[in-house]
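> Any chance you can model this:
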Amino acid sequence: MAIKMTEEQARQYWRRNLSLMMKLLVVWFVVSYGCGIMFVDVLNQIQIGGYKLGFWFAQQGSIYVFVVLIFIYRSRMEALDREFGVEEE
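Take a look at the predicted model:
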């Protein structure tokens, strides 16, 4: 059963959705661009499994972080949907 939101509730729902997306995209940007490009020289001083950490972030780390962020987004949006009464059955 679909619940009709008021215009103010819809505005607040989308504002919070966009805020969540922006926060997660900032985290992904920092990890992929920051760790994979900007801080690569500092991170390359640390090795994991024989690979330099900067190289690992550039090749694998940002992808893993992106996948984790997808799950975080899903769980936070489920909570937001429940809060506003628009969750799917």
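
> Can you report how many residues lie near residue 88?
Residue 88 is flanked by 6 other residues according to other Cβ atoms under 10 Å. In short, each C-beta sits where N, CA and C put it, glycine included.

> That one falls within a helix, correct?
No. Assignment of residue 88 by DSSP: H, G, I helix; E, B strand; the rest coil gives coil, placing it outside any helix.

> Without its sequence neighbours, what residue ends up closest to it?
Computed as Cβ to Cβ, 6 or more residues apart in numbering, the closest residue to residue 88 that is not its neighbour in sequence is residue 81, at 7.4 Å.

> shouldn't that neighbour be in contact with residue 75?
No. Using Cβ atoms under 8 Å as the test, residue 81 is too far from residue 75 to be in contact (10.8 Å).

> The two - which one has more neighbours?
Under the criterion of other Cβ under 10 Å, the comparison of residue 81 against residue 75 puts residue 81 first, with 14 against 10.

> Contact partners for residue 39?
Residues near residue 39 by Cβ atoms under 8 Å, 6 or more residues apart in numbering: residue 54.

> thinking again about what came up before, so for the helix or strand where the residue nearest to residue 88 lies, what gets flagged as buried?
If you go by DSSP states H and E, residue 81 is part of helix 62-84. Residues of helix 62-84 classed as buried: 62, 65, 69, 73, 76, 84 (neighbour count, 16 or more other Cβ atoms under 10 Å).

> And for it, what's in contact with it?
5, 9, 13, 16-17, 20-21, 24, 27-28, 31-32, 35-36, 87-88.

> How about stretch 25-32?
57, 61-62, 65-66, 69.

> Backbone torsions only: list them for the closest residue to residue 57 other than its chain neighbours.
By the measure of Cβ to Cβ, 6+ apart, the closest residue to residue 57 outside its immediate chain neighbours is residue 35, 3.9 Å from it. When read as degrees, to the nearest 10, the backbone of residue 35 gives phi -70, psi -30.

> Lovely, talk soon.
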